[in-house]
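Asker: got a predicted model here, sequence first, then my questions.
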Amino acid sequence: MTVICWFRRVLRLDDHPALVAAARDGAVIPLVILDPAEARDHPASAMRQALSLPLLDDALRRQGSRLIVRRGSPAQVLARIACETGARAIHTTEGFPFASDEGLSGAAATGGAALHLHPLADLVPRGSVLTGSGGVYKVFSPFWKALRKTEIASPLPAPRLTAPEAWPATDGTDWPKARAAMSRGWDVVARYARPGEDQAHARLEAFLDGRLPDYKQHRDFPWRPQATTGLADALAVGEISARRVWARLQPDFQSCAPGADHFLSELVWREFARELMHAFPKLGSDCWRPEWADFAWKPDNDTAEAWRRGQTGIGMVDAGMREMFVSGQMHNRVRMITASYLTKHLLTDWRVGLDWFARCLTDWDAASNAMNWQWVGGCGPDASPFFRVFNPDGQGDRFDAKRTYRDHWLSPDAAGARDFAAAAPRSWGIDLGRRAMPAISLADGRARALTAYQQLKEGG
C-alpha cells in the first residue's frame with residue numbers, strides 16, 4: 001500500500017514517529033507542504049525551513065527515496081496528492097503548537113486517504129505532567145522537579161523506507177512566497193543559517209565536547225556565541241528532537257557533570273511553554289492573568305516602529321534588534337532586554353513585540369514566543385514582576401562590558417552593521433553613521449512604567 005508521510009515541521013529522519021508509522025504501513029511518499037499563510041506570517045521561519053529541504057531530500061535519496069514538495073494550503077494539497085497517488089493513509093505530526101489540525105481529516109478523506117496524527121517527539125506528551133490536584137503547573141521550578149521524575153521515551157531510530165512504484169510531481173524546494181516576504185533579507189539571513197539534520201547533531205556534539213561545563217557561567221554573555229548549542233532553530237524546524245537532545249545529555253546528567261543540570265532545565269522551559277499553551281490556547285493573544293487586560297499598554301506606535309528598526313538610541317536594544325533582523329536569532333539575555341524596553345520603557349503592548357519576533361525569528365516557536373513575552377511583560381504565569389524593569393545600559397555594562405556585542409552590530413564599519421544595512425528594507429533609510437535619540441530617558445521610562453503599574457493595582 002502507498003502511504004504519505006507529511007513532514008510537518010519535522011525535517012528529519014531520526015526520532016520521527018509519523019515516519020516510523022508510515023514505514024510500517026507501506027511504501028512511503030515523503031511530503032512537505034509550503035503554506036503561503038506561513039510564508040506571510042512567519043517569513044524568517046519559512047526561509048529557515050526552505051534551506052533545510054534540499055538536505056532532507058539528499059538524506060532521503062541516500063535511502064532510495066526522495067522528497068515531494070507541494071505549494072498551497074495544506075487541506076487542498078492533501079486532498080489532491082492523495083487522489084493523485086492513490087495513497088490510502090497519510091501520517092503526519094499534530095499541528096500544535098504551530099497550526100490547527102481542523103479540516104485536515106476531511107480533506108484527506110476527500111482524496112480517499114485516512115489521516116493519522118502522531119505526537120511531536122517532545123520530552124513528554126502534553127498534559128502528562130500535572131500537579132497533585134490534576135492541574136497544569138503555573139510555576140516552572142515545580143514543573144521541572146516533576147519532569148525530572150518522569151520517564152522520557154527513548155528516541156526512535158530512522159526507519160528504512162520502501163519507495164512507491166511511481167513518484168508524483170514535485171514543485172521543488174524553493175519557497176518563492178517566503179523569498180518575496182523576506183525581500184533583501186533572504187540572502188543575508190541565509191548566510192547565518194546552518195541547516196540540516198546532520199548539522200544539528202554536529203552542533204550538539206561540538207557543544208558537549210568541551211563547552212558544557214562552562215554553560216551556566218557563560219550563557220548570559222551575548223559576545224560568547226559559542227557558549228550555547230545554537231540549536232534553537234534546529235529544534236524549531238524539527239531537524240533534531242528534544243528527546244534526542246535529552247537522551248544525549250543523560251550520561252552527563254546522571255554523573256552530575258558541570259552544566260548538564262542547568263542546560264537540561266533550559267530545554268525543559270520549552271516543554272513548560274507548550275504545557276501552558278496546551279492548557280491556555282490563547283496564550284499568544286490574551287493575557288494569562290485576566291486583570292492585566294486593563295493595563296495601559298499602547299497599541300502599535302512610532303516608538304515601537306523605531307524599536308523594530310533598531311533605532312531607539314539604546315545600545316543593547318538596537319544591537320539586539322539588528323542581530324535578530326540579520327541572523328534570525330537573538331541572544332536570550334538580549335531578548336529579555338529588548339522585550340522589557342518595549343513593554344515597560346515604551347509601554348507598548350507585548351503582542352506588538354510578539355508579532356515582530358514571530359516574523360523575524362528563524363527559531364520561532366509559538367508557545368515559547370508567547371510565554372516569554374508574557375513573562376517579561378508581567379502578565380503571564382510565573383512572570384517576572386512588572387516592577388522589575390531591565391536597565392539596558394546596566395545590562396550592557398554587566399554582560400557586554402567591553403562592548404564587543406554592541407560594537408559588532410552598531411559600529412558603522414563592523415560586519416554586523418553592514419549586514420543590517422544590506423538586509424533592511426530601503427524604505428527604512430538606514431544610515432549607519434547616525435544614531436537615534438531615545439524617545440524617553442531610561443529613568444523617566446522606568447518611572448512612567450511603575451506609575452502605570454501602580455494604577456493597575458489600585459484599579460484604574
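Answerer: Noted; the coordinates are in hand.
Asker: for this structure, which strand is longest?
Answerer: strand 27-34 (DSSP state E).
Asker: in whichever helix or strand comes after it, which residues are buried?
Answerer: Next along the chain after strand 27-34, taking DSSP states H and E as the criterion, comes helix 36-41. Neighbour-count burial for helix 36-41, counted by 16 or more other Cβ atoms under 10 Å, picks out P36, E38, A39. The C-beta positions use only the backbone N, C-alpha and C, and glycine is treated the same way.
Asker: now do helix 36-41: everything it contacts.
Answerer: Applying Cβ atoms under 8 Å, 6 or more residues apart in numbering, the contact partners of helix 36-41 are 45-46, 71-73, 99, 175, 177-178, 180-181, 358-359.
Asker: mind listing the helices for the stretch 101-250 of the chain?
Answerer: Assigned by DSSP state H, counting those that start in this stretch, the helices in the stretch 101-250 of the chain fall at 104-110, 140-148, 176-182, 185-190, 197-208, 215-218, 232-237, 242-254.
Asker: and R194, how many neighbours does it have?
Answerer: R194 is flanked by 14 other residues according to other Cβ atoms under 10 Å.
Asker: oh sorry, the question was meant for G230
Answerer: 18.
Asker: residues in contact with it?
Answerer: Here G230 is in contact with R194, R203, F207 (Cβ under 8 Å, 6+ apart).
Asker: pretty sure the last one is touching T229, no?
Answerer: Yes. Contact criterion Cβ atoms under 8 Å: F207 and T229 qualify, at 4.4 Å.
Asker: would you list the contacts of G230 in CSV and tack on pLDDT and distance to R9?
Answerer: Conversion of these to CSV gives the following (pLDDT from 0 to 100; distance: Cβ to Cβ, whole Å):
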residue, pLDDT, distance to R9
R194, 97, 18
R203, 96, 19
F207, 94, 23
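Asker: and these, which is closest to D171?
Answerer: Of all the contacts of G230, R194 has the smallest distance to D171: 25.0 Å, by Cβ to Cβ.
Asker: I figured the closest one hits R203, correct?
Answerer: Yes. Under the criterion of Cβ under 8 Å, R194 is in contact with R203, at a separation of 6.9 Å.
Asker: same for the longest strand of the chain, what does it pack against?
Answerer: Judged by 3 or more Cβ pairs under 8 Å, 6 or more residues apart in numbering; DSSP states H and E, strand 27-34 is in contact with strand 2-6, helix 17-25, helix 43-61, strand 68-71, helix 74-85.
Asker: any idea which of these gets closest to W307?
Answerer: When the helices and strands packed on strand 27-34 are compared by Cβ to Cβ, helix 43-61 sits nearest W307, at 17.3 Å.
Asker: buried ones in that closest one?
Answerer: 43-53, 55-57, 59-60.
Asker: for this protein, give me the ranges with low pLDDT.
Answerer: Applying pLDDT under 70 to the chain picks out residues 460.
Asker: what about the spatially most central residue of the chain, which SS state?
Answerer: Closest to where the C-alpha atoms of the chain average out (Cα atoms, centre = their mean) is W364, at 2.5 Å. With DSSP: H, G, I helix; E, B strand; the rest coil as the basis, W364 sits in coil.
Asker: circling back to that earlier point, tell me the strands beside the longest strand of the chain, with direction?
Answerer: strand 2-6 (parallel), strand 68-71 (parallel) (DSSP bridges).
Asker: tilt between the longest one and helix 74-85?
Answerer: Orientation check (axes from the mean of the first three to the mean of the last three Cα atoms, to 10 degrees): strand 2-6 against helix 74-85 gives 160 degrees.
Asker: and the contacts of strand 2-6?
Answerer: So strand 2-6 is contacted by 18-19, 22-23, 25-33, 74, 78, 81-82, 85-93, 113, 164-165 (Cβ under 8 Å, 6+ apart).
Asker: run a quick neighbour tally on the closest residue to M1 other than its chain neighbours.
Answerer: Nearest in space to M1, with sequence neighbours left out and distances taken as Cβ to Cβ, 6 or more residues apart in numbering, is G26 at 3.7 Å. Per other Cβ under 10 Å, the neighbour tally for G26 reads 16.
Asker: which ones are touching G26?
Answerer: M1, T2, V3, R88, A89, T162.
Asker: tell me what the second one is bridged to.
Answerer: Note on T2: beta-bridge partners by DSSP bridges are A27.
Asker: what's around it, how many residues?
Answerer: Neighbours of T2 using other Cβ under 10 Å come to 21.
Asker: any idea how far it is from A79?
Answerer: From T2 over to A79 the distance is 16 Å, taken as Cβ to Cβ, to the nearest Å.
Asker: and for the fifth one?
Answerer: Separation of A89 from A79 (Cβ to Cβ) stands at 14 Å.
Asker: out of the helices and strands packed on strand 27-34, which gets nearest to V389?
Answerer: helix 43-61 (28.5 Å).
Asker: report all helices and strands that that closest one contacts.
Answerer: In terms of contacts (3+ Cβ pairs under 8 Å, 6+ apart), helix 43-61 is packed against strand 27-34, helix 36-41, helix 176-182, helix 185-190, helix 197-208, helix 232-237, helix 350-360.
Asker: what is the neighbour count of G64?
Answerer: Neighbour tally, G64, other Cβ under 10 Å: 10.
Asker: for it, which residues are in contact?
Answerer: Here G64 is in contact with L161, A163 (Cβ under 8 Å, 6+ apart).
Asker: and it, helix, strand or coil?
Answerer: Per three-state DSSP, G64 ends up coil.
Asker: just checking, M324 touches M330?
Answerer: Yes. With contacts counted by Cβ under 8 Å, M324 reaches M330, the gap being 4.2 Å.
Asker: overlap of the contact sets of these two?
Answerer: Common neighbours of M324 and M330 (Cβ under 8 Å, 6+ apart) are L361.
Asker: rewinding a little: and which of the buried residues of helix 43-61 is nearest to A319?
Answerer: Using Cβ to Cβ, the buried residues of helix 43-61 come closest to A319 at A44, 18.1 Å.
Asker: so A296 lies in a helix, does it not?
Answerer: No. Using three-state DSSP, the assignment for A296 is coil, not a helix.
Asker: which one is it nearest to, not counting chain neighbours?
Answerer: With Cβ to Cβ, 6+ apart, the residue lying closest to A296 is A452, at 4.8 Å.
Asker: and the residue nearest to M1, its phi and psi?
Answerer: phi 160, psi -160 (degrees, to the nearest 10).
Asker: list the contacts of the most far-flung residue of the chain relative to its centre.
Answerer: The C-alpha centroid of the chain is most remote from E165, which lies 37.3 Å away (Cα atoms, centre = their mean). Listed by Cβ under 8 Å, 6+ apart, the contact set of E165 reads T2, A27.
Asker: return the distance of it relative to E275.
Answerer: Distance from E165 to E275, by Cβ to Cβ: 44 Å.
Asker: wait, isn't V136 in contact with S128?
Answerer: No. V136 lies out of contact with S128 (Cβ under 8 Å); the separation is 10.9 Å.
Asker: who has more neighbours out of those two?
Answerer: Neighbours were counted for V136 and for S128 using other Cβ under 10 Å; V136 has more, 17 against 11.
Asker: how close does that one sit to T150?
Answerer: Counting by Cβ to Cβ, the gap from V136 to T150 is 14 Å.
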